[in-house]
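In: Here you go, sequence then predicted model.
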Amino acid sequence: MARMDSQYPDPDRWFGLELACIFNAGDFAGRAAAGRLSGDFSVTMLLLLCALRVFLCPLWVHLASSPLSFGSSHDLVAFGAMAVTSLSNGFLASVAMMRAPGEFNEAGLKEKSSTVMVVAMTVGLASGSILAVPLSGYLRP
């Protein structure tokens, strides 16, 4: 995100900050929506939606490795991709955290599943951050 270029001259480097603000707003909106819509999703639907997020990865790689590849709509594509990524991140993470304990009947397993979910989310965030460093150097030296 920080290495992406805007289609406009950006001497103050605001493009990365704009993307970060869009992510935070979208993540918050996704988490708020999860509180209202979480009962409508089965575990299968949740897994399918999480798997579909993988298709956002090639778009992000293309946006980062090919500066200004979308011509005059490059910034709009980046902002749209960030909005979809952040909304789905907030929504799916919240729904998964709410649904996991409900999949178990025993009280002890409900607590353990909550702990496993927190650890899995933390490991996922950490591994994504760690992998982003070498990938960003590979994409744009």
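Out: Thanks, I have the structure now. Given the structure is predicted, the values throughout are model-derived calculations rather than measurements. Numbers count the residues shown, from 1 in each chain.

In: model confidence over the longest helix seen in the chain, on average?
Out: With secondary structure taken from DSSP state H, the chain has its longest helix at helix 107-139. Across helix 107-139, pLDDT averages out at 83.

In: Which residue of this protein lies farthest from its centroid?
Out: Farthest-out residue of the chain from its mean C-alpha position, per Cα atoms, centre = their mean: Glu106, at 31.8 Å.

In: how about low-confidence regions in this protein?
Out: Applying pLDDT under 70 to the chain picks out residues 1-12, 38, 67-68, 136-141.

In: Helices of that one, residue ranges please.
Out: Taking DSSP H, the helices of the chain run over residues 14-37, 43-52, 56-65, 74-99, 107-139.

In: now these in a markdown table, with mean neighbour count?
Out: In short, each C-beta sits where N, CA and C put it, glycine included. Shown next, in a markdown table, are the helices of the chain (neighbours: other Cβ atoms under 10 Å):
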| stretch | mean neighbour count |
| --- | --- |
| helix 14-37 | 15 |
| helix 43-52 | 12 |
| helix 56-65 | 15 |
| helix 74-99 | 19 |
| helix 107-139 | 12 |
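
In: picking up where we left off before, which phi and psi values does the residue farthest from the centre of the chain adopt?
Out: Taking degrees, to the nearest 10, you get phi -80, psi 140 for the backbone angles of Glu106.

In: No further questions, thank you.
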